[in-house]
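Visitor: here is a sequence together with a model predicted from it:
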Amino acid sequence: MALRLGDIAPDFTAETTEGPIKFHEFIGDNWVVLFSHPKDFTPVCTTERGYMARIKPEFDKRGVKILGLSVDPVDSHQKWSQDIKETQGYAPNYPLIADPERKVANLYDMIHPNALDTLTVRSVFVIGPDKKIKLMLTYPASTGRNFDEILRAVDSLQLTAKHSVATPVNWKHGEDCIIVPSVSDDDAKKKFPGGWKALKPYLRIVPQPRS
Ligand code: BEZ
């Protein structure tokens, strides 16, 4: 069955560039971004891995662990890492799952045979500390992802997990939010004592809640 938002992220054991992991233990009390690359030694993936290494401190700040996957063995991943450091200026600093048997790729439905035969497409799963899937994205092999967008989405997910707000189009950290429709005006008065601006009864704008 296909995975859906709100499902528990399937558990697995796997070899990675940083040793074996049990996924649910790896998650622990953290947020996790799990993302697949089609194959080692491919050009778009090389740029993606370098960029993720560069912005890992941004994920660390948010309490998010990052975990890549590629359907090649660990020794291939290690050799590829040298190219990433050489060409992108950043050495990979987070684990990359070795999945030559496609066990994790199949578990997470990362292989879309009508798009790309036996390789994974570019899947992204954001998983919460409750181990539930909060966000899924799927890109084709030929389109490198915008990992700054994943950071932006994590900011939104972490905010909405804490407060009764949603985030509007193109929202960025620090900008105004929207009171979720399930909160009545009476309840909103208690939650947002500073008030809000109602453009419509269902469109209530509040400053971003501070934690
Ligand atoms: C790439 O990473 O550049 C790539 C991988 C598989 C197919 C096409 C492009």
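Guide: Noted; the coordinates are in hand. Numbering: from 1, shown residues only.
Visitor: switch to C-alpha atoms for all contacts and neighbour counts from now on
Guide: OK.
Visitor: tell me which parts of the chain are close to the ligand?
Guide: Within the chain, the positions lying close to the ligand (Cα under 6 Å from any ligand atom) are 38-39, 42-45, 141-142.
Visitor: one more time with 5 Å, if that's ok
Guide: Within the chain, the residues that sit near the ligand (Cα under 5 Å from any ligand atom) are 42-45, 141-142.
Visitor: please spell out the PyMOL selection for the buried subset of the residues you listed.
Guide: Remark: buried members of the residues of the chain next to the ligand, expressed as a PyMOL selection using 16 or more other Cα atoms under 10 Å:
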select buried, resi 44+45+141
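Visitor: out of the residues of the chain next to the ligand, which are inside strands?
Guide: The strands, defined by DSSP state E, take in nothing from those.
Visitor: export the residues of the chain next to the ligand as TSV, with columns for distance to residue 79.
Guide: As requested, the residues of the chain next to the ligand are arranged in TSV below (distance: Cα to Cα, whole Å):
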residue	distance to residue 79
42	13
43	15
44	17
45	14
141	21
142	23
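Visitor: next, the buried residues of the helix or strand hosting residue 35.
Guide: Taking DSSP states H and E as the criterion, residue 35 maps to strand 31-37. By neighbour count on 16+ other Cα under 10 Å, the buried set for strand 31-37 is 31-37.
Visitor: try stretch 167-178
Guide: Judged by neighbour count using 16+ other Cα under 10 Å, the buried positions of stretch 167-178 are 167, 172, 176-178.
Visitor: stretch 43-62 too?
Guide: By 16+ other Cα under 10 Å, the buried positions in stretch 43-62 come out as 44-54, 56, 59.
Visitor: dump it to CSV, keeping only the CA atoms.
Guide: Output of stretch 43-62 as CSV, limited to C-alpha atoms (Å, rounded to 0.1, in the frame of the first residue of the first chain):
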residue,chain,number,x,y,z
PRO,A,43,25.8,14.6,-11.9
VAL,A,44,22.6,16.1,-10.4
CYS,A,45,22.9,13.9,-7.3
THR,A,46,26.5,15.0,-6.8
THR,A,47,25.4,18.7,-6.6
GLU,A,48,22.5,17.7,-4.2
ARG,A,49,24.8,15.8,-1.9
GLY,A,50,27.3,18.7,-1.8
TYR,A,51,24.5,21.2,-1.0
MET,A,52,23.0,19.1,1.7
ALA,A,53,26.4,18.8,3.4
ARG,A,54,26.7,22.6,3.1
ILE,A,55,23.4,23.4,4.8
LYS,A,56,23.4,20.5,7.4
PRO,A,57,24.0,23.1,10.2
GLU,A,58,20.6,24.6,9.3
PHE,A,59,19.0,21.2,9.8
ASP,A,60,20.9,20.7,13.1
LYS,A,61,19.6,24.1,14.3
ARG,A,62,16.1,22.8,13.8
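Visitor: got the contact list for residue 151?
Guide: Listed by Cα atoms under 8 Å, 6 or more residues apart in numbering, the contact partners of residue 151 are 58-59.
Visitor: the chain should start at 50 in everything you say after this.
Guide: New numbering, starting at 50: the last item is residue 200.
Visitor: that one and residue 111, how far apart?
Guide: Residue 200 sits 9 Å away from residue 111, going by Cα to Cα, to the nearest Å.
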